[in-house]
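J.: Sequence first, then the predicted structure, then my questions.
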Amino acid sequence: MTTNTVPLLTVSLPVAETQMIALSELQENTRGATNFLKHALRCSGQLDAILIEVLPSGEYVIRDGNRRVETARALGWTEIRADLYSGLSEGDWALLLSSVHNRSENPVEEARNYRVLLRSLTPEGIAANTGHPLSRIKARLELLKLPDDVLELVGSDTLALSVAERASKLKGPFLGRAVNEIRIAAGNGKRYGAKDLKEVTVARSGALGALLMAAAPPPVSLIPPAEVLALEVRELCARRNVDIAELLTELGLTPAGAGLPARQHARMN
């Protein structure tokens, strides 16, 4: 019996250079994210360094920690602690970022990192290399069926992650309908919740039921009970060696007028 082995990777990363970086040199991107870090940072300070990619031009790109930068700025901080990396491939970054958090702060970015890792690993390989459950990896990858503008809403007041995950499982016109309704809700500043999505899933169930009914074979026509009884009587007469005409006579019937008593048949003639 053959067994499938999962490739385990070893990525040699350069040692990060830890520095205090002025917030004026950073530009965070927190669109669509919910930020609950203000009280924690104000109370306990910055516990973990943010991750920054240093481009060849010297420009800083925040790879992990956008919301911490946003919160630090709101608290009036002027700098933040960061681990600086340069020269990493996209695959290296994807694996590094997938390993940073036991629970990703941004599920959409997590999904995008998994998509990069799929270039060289299976979902099982990603699970083996990051420690994340396979079910979670598959659920995150499902999210990527939603268009980018809808993904940016995940975690915002408009769209909860749980609703987005259920919407991403829809297909065809039902996925399109859910996406359009989410966009309309966002445009109106309203929340698109589980009750809204339920209307789409109910419509989908109804359409599937109609398709199944249309594909079902026509019901088998039932044999009239009288025909069944006649067949049984013929078989019984054959086994008992009784002539059917004689049986009809005994029953007060005649072969020419089955179903009518002989006396009534005579009067009608």
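T.: Everything's here; your move.
J.: show me where this protein has helices.
T.: Ranges of helices in the chain, per DSSP state H, are 38-44, 66-74, 90-98, 107-117, 123-130, 134-143, 148-151, 161-168, 172-187, 194-215, 225-240, 244-250, 262-268.
J.: Kindly reformat the ones you listed as CSV containing mean pLDDT, distance to residue 52 and mean neighbour count.
T.: (C-beta placed from N, C-alpha, C; glycine too.) Below are the helices of the chain laid out as CSV (pLDDT from 0 to 100; distance: least, C-beta to C-beta, whole Å; neighbours: other C-beta atoms under 10 Å):
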stretch, mean pLDDT, distance to residue 52, mean neighbour count
helix 38-44, 79, 18, 12
helix 66-74, 91, 10, 21
helix 90-98, 86, 11, 19
helix 107-117, 91, 15, 21
helix 123-130, 85, 21, 19
helix 134-143, 92, 24, 17
helix 148-151, 93, 23, 16
helix 161-168, 92, 26, 19
helix 172-187, 90, 30, 16
helix 194-215, 71, 38, 12
helix 225-240, 83, 85, 10
helix 244-250, 84, 100, 13
helix 262-268, 42, 106, 11
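J.: Mind putting these into a markdown table with distance to residue 59?
T.: Formatted as a markdown table, the helices of the chain follow (distance: least, C-beta to C-beta, whole Å):
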| stretch | distance to residue 59 |
| --- | --- |
| helix 38-44 | 25 |
| helix 66-74 | 15 |
| helix 90-98 | 16 |
| helix 107-117 | 20 |
| helix 123-130 | 28 |
| helix 134-143 | 29 |
| helix 148-151 | 23 |
| helix 161-168 | 31 |
| helix 172-187 | 31 |
| helix 194-215 | 41 |
| helix 225-240 | 88 |
| helix 244-250 | 103 |
| helix 262-268 | 109 |
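J.: Show me the residue at the heart of the protein, geometrically.
T.: residue 169 (2.9 Å; C-alpha atoms, centre = their mean).
J.: wait, that residue sits on residue 142?
T.: Yes. Using C-beta atoms under 8 Å as the test, residue 169 is close enough to residue 142 to be in contact (6.3 Å).
J.: where's the residue nearest to residue 193 when sequence neighbours are not counted relative to residue 92, distance?
T.: Spatial nearest neighbour of residue 193, excluding adjacent residues (C-beta to C-beta, 6 or more residues apart in numbering): residue 163 at 6.2 Å. Distance of residue 163 to residue 92, computed by C-beta to C-beta, to the nearest Å: 33 Å.
J.: Please apply the same query to residue 73.
T.: Taken as C-beta to C-beta, the span from residue 73 to residue 92 is 28 Å.
J.: for residue 173, same thing?
T.: Taking C-beta to C-beta, one finds residue 173 at 40 Å from residue 92.
J.: Does residue 8 touch residue 128 like I think?
T.: Yes. Between residue 8 and residue 128 there is a contact at 6.0 Å, judged by C-beta under 8 Å.
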